[in-house]
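Enquirer: build the 3D model from these lines:
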Amino acid sequence: MPSIARIAEDTEDEALDAVFFALSDPVRRAILDRLDAGPLLVSEIAAPFAISLQAVSRHIQVLVRAGLVSQARSGRISRCSLDAAPLADAAAWINRYAKYWQGQFEALARHLERIEREKP
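Expert: As a prediction, this is how the structure comes out:
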């Protein structure tokens, strides 16, 4: 039987997987950009895209499953809002690896300084 800690870790991994999957598509990222300005109706979200309303709805459902978008329904009308909290979790995961990039940048800076000093 898996431990509670392992179950929680699996759940966190699945949530992070859903966020990165949602962010992997340019249409979904554009939808998030549009929702950053405030809640919109699905038809308002779909307006600038050269795809069907049904395709936009499918993209929105991926974002909802990832926890990045919430929907409030009133009859047939659906208003979508951005929920950026899962993005903070993804950013925290990425930032754990910033130390590796920082070391690479520092090594590059030292190399460039050495090249500059050796110029005739």
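
Enquirer: let me know the pLDDT of the residue positioned nearest the centre of the chain.
Expert: By Cα atoms, centre = their mean, the mean C-alpha position of the chain lies nearest to Leu23, the distance being 4.2 Å. What the model reports for Leu23 is a pLDDT of 97.

Enquirer: so what's it closest to, chain neighbours aside?
Expert: Among residues not flanking Leu23 along the chain, Arg29 sits closest, at 6.1 Å (Cβ to Cβ, 6 or more residues apart in numbering). Heads up, the C-betas are built off the backbone N, CA and C, glycines and all.

Enquirer: what does Ala84 give?
Expert: That would be Leu68: by Cβ to Cβ, 6+ apart, it lies 7.5 Å from Ala84.

Enquirer: over to Phe20?
Expert: Spatial nearest neighbour of Phe20, excluding adjacent residues (Cβ to Cβ, 6+ apart): Ala90 at 6.5 Å.

Enquirer: where do the strands of this protein begin and end?
Expert: Per DSSP state E, the chain carries strands over the ranges 40-41, 69-74, 77-82.

Enquirer: what packs against the second one?
Expert: Same thing as strand 69-74. The contact analysis (3 or more Cβ pairs under 8 Å, 6 or more residues apart in numbering; DSSP states H and E) places strand 69-74 against helix 26-35, helix 53-65, strand 77-82.

Enquirer: strand partners of the shortest one, parallel vs antiparallel please.
Expert: Translated: strand 77-82. strand 40-41 (antiparallel), strand 69-74 (antiparallel) (DSSP bridges).

Enquirer: so for Ile51, which of these sits nearest?
Expert: strand 40-41 (16.1 Å; Cβ to Cβ).

Enquirer: residues in contact with that closest one?
Expert: Arg34, Ile77, Ser78, Arg79, Cys80 (Cβ atoms under 8 Å, 6 or more residues apart in numbering).

Enquirer: before we move on, the earlier item: in TSV: the strands of the chain, plus mean neighbour count, distance to Val56 and mean pLDDT.
Expert: Shown next, in TSV, are the strands of the chain (neighbours: other Cβ atoms under 10 Å; distance: least, Cβ to Cβ, whole Å; pLDDT from 0 to 100):
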stretch	mean neighbour count	distance to Val56	mean pLDDT
strand 40-41	15	11	96
strand 69-74	13	12	94
strand 77-82	16	10	94
